[in-house]
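A.B. asks: with the input below, show me the fold.
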Amino acid sequence: MIGLLFEQHGDRLRRYLAGRVGPDHADDVLSEVFLAACRRWSSYDPGRGPEIAWLFGLATTAVRSHARDEARHLRRVLAQCADRPGDGAESSEDSVARVDAQRRIRRLLPDLHLLDGIDRDILLLVAWAGLTPTEVAASLDMPAATVRSRLHRARQRLRRVDAAHDLESLPPKGFPR
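C.D. replies: Okay, here's the model as predicted:
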């Protein structure tokens, strides 16, 4: 029965999931949806609605789970990077800059989902793994110029988000600053 549901609704669900989690993750989340459908088939109640509605409910739950898992993972990675001691050669200016950058990253962490999956990967490989754009290009098997372009675009987008955060933290007009 699940195979038939996949044949009937798999493409439609995949399009929905690609819009929610991006095309890079859509197939993985689609697999999770149909795995959940297999596990919960006995709980499906046709009186509550059609199968497609039930499947979209499972898809929505899978999207939320995917987002939580990714956010949890990014927080773990950030914590590991923040806990890593310097090499001792860091100047006090570099140390202050690193701490400031970590604060900005923590503030922007919830907004990383706004980036395309590849752009996010490139940004994190540069920012957290310390790779150069050339090294990122080699690791992702893409031209270095493409990596530099996508990195620039990702940084611009996060700068706009960061500026919006700064504006939100300002007191309303007419209040002393």
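
A.B. asks: give me the residue at the spatial middle of the protein.
C.D. replies: Nearest to the mean C-alpha position of the chain, by Cα atoms, centre = their mean, lies H113 at 3.6 Å.

A.B. asks: excluding residues flanking it in the chain, which one is nearest it?
C.D. replies: A67 (6.8 Å; Cβ to Cβ, 6 or more residues apart in numbering). In this view, the C-beta of every residue, glycine as well, is placed from N, C-alpha and C.

A.B. asks: the one you found: neighbour count?
C.D. replies: Counted by other Cβ atoms under 10 Å, the residues lying close to A67 total 13.

A.B. asks: quick check: which ranges of the chain have low pLDDT?
C.D. replies: For the chain, the stretches with pLDDT under 70 are 77-110, 128-129, 162, 164-177.

A.B. asks: and if we set it to 90?
C.D. replies: Counting by pLDDT under 90, the chain has low-confidence residues at 1-6, 15-26, 40-61, 63-142, 154-177.

A.B. asks: hmm, back to that, which element is the residue nearest to H113 on?
C.D. replies: If you go by DSSP states H and E, A67 is part of helix 51-83.

A.B. asks: kindly report the same for L158.
C.D. replies: Using DSSP H and E, L158 sits within helix 144-169.

A.B. asks: quick check: which element contains the closest residue in space to P143 that isn't next to it in sequence?
C.D. replies: Using Cβ to Cβ, 6+ apart and skipping residues adjacent in sequence, the residue nearest P143 is A137, 6.2 Å away. Secondary structure assigned from DSSP H and E places A137 in helix 133-140.

A.B. asks: starting at the chain centroid, how far to that helix?
C.D. replies: Chain-centre distance of helix 133-140: 20 Å, with Cα atoms, centre = their mean, to the nearest Å.

A.B. asks: distance of A145 from R160?
C.D. replies: 23 Å (Cβ to Cβ, to the nearest Å).

A.B. asks: next: A53.
C.D. replies: Distance from A53 to R160, by Cβ to Cβ: 37 Å.

A.B. asks: now do S65
C.D. replies: 29 Å.

A.B. asks: likewise L112?
C.D. replies: Spatial separation of L112 from R160 under the definition Cβ to Cβ is 14 Å.

A.B. asks: who has more neighbours, the two?
C.D. replies: Remark: of L112 and R160, L112 carries more neighbours, 19 against 12, as counted by other Cβ under 10 Å.

A.B. asks: which residues does that one contact?
C.D. replies: Neighbouring residues of L112 by Cβ atoms under 8 Å, 6 or more residues apart in numbering: 74, 120, 123-124, 158.
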